[in-house]
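> Got a predicted model here, sequence first, then my questions.
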Amino acid sequence: MTRVIMLAPFPNSSQLTEFARQEYCHLSDLTVLGTDAGLNMVISYYQIEYHLGPILDKALEIEKQGDCDALIIGCFGDPGLVAIRQVTSMPVLGIKEVNLDVS
């Protein structure tokens, strides 16, 4: 079975991460994860860049586990997209590129 992870650049405890889990729970091959640290939302370029460290750390952890076929960055700002592509071997997509339809 294919396993795709949507990595939200917000902590696991964030309301935005929980919202994404609920919104996409009908997709059995998609798991929504948050980061271990970070702000609860992203509304400015500063906040997008602030999340680069936590999202890189989580992406490297996911790749090390070896059970992910593709990673989606779950934020329209695509924080860390290019950097994660450079340091991992798995396919990494921005949320705008995959256009998940929740209807």
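Arrived safely.

> Pull up the pairing partners for the lengthiest strand in the chain, direction included.
As assigned by DSSP state E, the longest strand anywhere in the chain is strand 4-11. According to DSSP bridges, strand 4-11 forms sheet pairs with strand 30-35 (parallel), strand 70-73 (parallel).

> what's downstream of it, the next helix or strand?
Remark: after strand 4-11, the chain's next helix or strand is helix 15-23, criterion DSSP states H and E.

> What residues of that next one count as buried?
16, 17, 20, 21 (16 or more other C-beta atoms under 10 Å). C-beta here means a position set from N, CA and C on the backbone, and glycine is covered the same way.

> in the chain, which segments are predicted with low confidence?
1, 98-103 (pLDDT under 70).

> most residues in a single helix of it, which one?
Secondary structure assigned by DSSP state H gives helix 52-65 as the longest helix of the chain.

> Pull out the buried residues from that helix.
54, 55, 56, 58, 59, 62, 63.

> could I get those as a markdown table with distance to residue 2?
Converted to a markdown table, the buried residues of helix 52-65 look like this (distance: C-beta to C-beta, whole Å):
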| residue | distance to residue 2 |
| --- | --- |
| 54 | 26 |
| 55 | 22 |
| 56 | 24 |
| 58 | 20 |
| 59 | 18 |
| 62 | 15 |
| 63 | 16 |
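
> Appreciated, that's everything.
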